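Asks: Predicted model and sequence follow; I will ask about them next.
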Amino acid sequence: MISVVIPVYNEAESLRQLHREIADVAASERLDVEFLFVDDGSRDDSWKIIESLAQEDARVGGIRFRRNFGKAAALDAGFQAARGDYVATLDADLQDDPRELPRFLDALQGELDLVSGWKQVRHDPADKVIPSRVFNWLVSRLTGVALHDHNCGYKVYRGEVVRDLRLYGEMHRFVPVLAAARGWRVGELIVNHRKRQFGRSKYGFSRNIKGFLDLFTVFFLTRFGDRPAHAIGGCGLAALAVGALMLALSGLGAVGPALVDGPIWRLFPSAIYGWLAVAVGVVLLKLGLVAELTVSSRTTRSSTYSIRERRDPRHKRSTDAAS
């Protein structure tokens, strides 16, 4: 079965058409699907439409947040509820074409565990396309996961992958990187990108700033998340080495600051910076040890979102029906 997870934020106008298009593809390709709409605090009639669709189609389920928690939280909630052997994610604005689903599934029949869409031809304004391309280039270079479009919401996973991931904050931009860091095999597929029919984009310029800040977080988590002392402690050792060198050059390394007072400090400014670097190095080494203790004793993270209502699909899996 394929679980189709769709984050929703003020997309009431497009939901019925999106459901119809996915249902048509499922019928023509004989796919067993369930729909999981996650209403991320919409202020329009999105939840009413989801409830109506659930009444009409037993395959439709919905999760409603108490407020807007962001796309990463919506995806995480959908992932935890998904029952499918495969999980597809696509945006609710109709720009992702459901007719691409069979191609994604074909790509997963090989060695890949996650296939990410690549909007090679984008129907978005230049102020979104250009920063996105710069961002994707940086992510590929810094993380080693070479994709053209990391942030494309159109992805299909093996079920085991989504159950191995936990998303929070705005980490939805880095799902392929997070998956690759855990050993899952990632690939991409050129997809048809359609023009927006209703509403407007929910993301402004601040999205670019947040994305670049999150990139450094992901770089640290994927490289040093299980061994933070290697990064923090490494910086501490470097600071200690620099401090020791400066003290040696100043001639005060053995004398110490307590024996020197008055204007003589102006003759040896490197000693001041040397002792400062030593102090910073000691602090960083201690922080590294504390971080290691935190990692070694951490427990399962609680959810970062709060669900107001939930409607599970009444649809039974084909294997369940057979039994």
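Replies: Cool, got the structure.
Asks: what's in contact with the helix or strand harbouring residue 175?
Replies: Secondary-structure element containing residue 175, defined by DSSP states H and E: helix 175-181. For helix 175-181, the external contacting residues (Cβ atoms under 8 Å, 6 or more residues apart in numbering) are 75, 113-114, 116, 139, 143-145, 147, 150, 155, 157, 161, 164-165, 167, 171, 186, 218, 221-222, 225. The C-beta positions use only the backbone N, C-alpha and C, and glycine is treated the same way.
Asks: Now, of those, which are buried?
Replies: The neighbour-count test (16 or more other Cβ atoms under 10 Å) marks 75, 113-114, 116, 139, 143, 145, 147, 150, 155, 157, 161, 164-165, 167, 171, 186, 218, 221-222 as buried among these.
Asks: Quick one: mark the members of those residues that sit in strands.
Replies: Counting by DSSP state E, the members of these that fall within strands are 114, 116, 155, 157, 186.
Asks: Could you verify that residue 272 is part of a helix?
Replies: Yes: Residue 272 forms part of a helix when assessed by DSSP: H, G, I helix; E, B strand; the rest coil.
Asks: For it, grab the count of nearby residues.
Replies: With neighbours defined by other Cβ atoms under 10 Å, the count for residue 272 comes to 15.
Asks: which residue ranges form the helices in the chain?
Replies: Read by DSSP state H, the chain holds these helices, from start to end of the chain: 12-29, 46-56, 71-81, 101-107, 126-143, 159-162, 175-181, 206-224, 228-250, 269-297, 318-322.
Asks: Please name every helix or strand in contact with the fourth one.
Replies: Spelled out, it's helix 101-107. Counting by 3 or more Cβ pairs under 8 Å, 6 or more residues apart in numbering; DSSP states H and E, the packing neighbours recorded for helix 101-107 are helix 12-29, strand 86-89, strand 114-118, strand 155-158, strand 186-190.
Asks: List the pairing partners of the third one within its sheet, with orientation.
Replies: Which is strand 114-118. Looking at strand 114-118 with DSSP bridges, its partner strands are strand 155-158 (antiparallel), strand 186-190 (parallel).
Asks: Just send these back as CSV, with distance to residue 54 and mean pLDDT too.
Replies: CSV is the format used below for the strands paired with strand 114-118 (distance: least, Cβ to Cβ, whole Å; pLDDT from 0 to 100):
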stretch, distance to residue 54, mean pLDDT
strand 155-158, 23, 95
strand 186-190, 30, 93
